[in-house]
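Undergrad: What follows is a predicted structure for the sequence shown.
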Amino acid sequence: MRVSLRAVAIILLCLGAAVTSTAQEGHPLKGSWIGVWQGNQAHGDSIVVILDWDGRAVSGIINPGTDNIDIASVDLDPEDWTVRIEASGEDAAGKRLNYVIDGEIQDLALPSRSIVGRWRHQDGSGSFEISRQ
């Protein structure tokens, strides 16, 4: 049986495309994240974070639809996979809260990776852990 060079090239191209399509996942922070920020008196312990990547910057929102907290900036250091999220929101009385969340990405190679660290604002602080869904 004689196989043409063109047929072999097409098969290799298809195999290469299949491998790269399953390996690519996009930016490591992009997605929906669910978890806890322990001891948060203003917004409760449960947290939902939605992060997006536009090709230049990460943007997002904390607790969409309930007590929205707009994310002002996200910094990712790929040297040690640390993350800093800065966000501003209000407590139930309308007092402005400026959040800083510092964490490290755990299990980076997994789709269900986590960010583990600490959160703080001017009235409190605590542990922070979210996992990508």
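TA: Nice, I can see it. This one's a predicted model, so the numbers in the text were calculated from it and none came from an experiment. Residues are numbered from 1 along each chain as shown.
Undergrad: could you pull out the helices for the chain?
TA: 5-23 (DSSP state H).
Undergrad: Output the longest strand belonging to it.
TA: Ranked by number of residues, the top strand in the chain under DSSP state E is strand 96-106.
Undergrad: Show me what that one pairs with in its sheet, parallel or antiparallel.
TA: In the sheet, strand 96-106 lines up against strand 82-90 (antiparallel), strand 114-121 (antiparallel) (DSSP bridges).
Undergrad: now the protein, which segments are flagged as low pLDDT?
TA: 1-25 (pLDDT under 70).
Undergrad: Let me know how buried G126 is, in neighbour terms.
TA: Look at G126: counted by other C-beta atoms under 10 Å, it has 14 neighbours. (Each C-beta comes from the backbone N, C-alpha and C, glycine too.)
Undergrad: So for this structure, the centremost residue is which one?
TA: Central residue of the chain (C-alpha atoms, centre = their mean): L29, 3.1 Å from the mean position.
Undergrad: Who are the contact partners of it?
TA: L29 sits next to L51, W53, V58, V74, L76, V83 when contact means C-beta atoms under 8 Å, 6 or more residues apart in numbering.
Undergrad: coming back round to it: would a markdown table of the strands paired with strand 96-106 with mean neighbour count and distance to I69 be doable?
TA: Rendered in a markdown table, the data for these read as follows (neighbours: other C-beta atoms under 10 Å; distance: least, C-beta to C-beta, whole Å):
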| stretch | mean neighbour count | distance to I69 |
| --- | --- | --- |
| strand 82-90 | 18 | 3 |
| strand 114-121 | 19 | 10 |
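Undergrad: I'm done for today, thanks for sticking with me.
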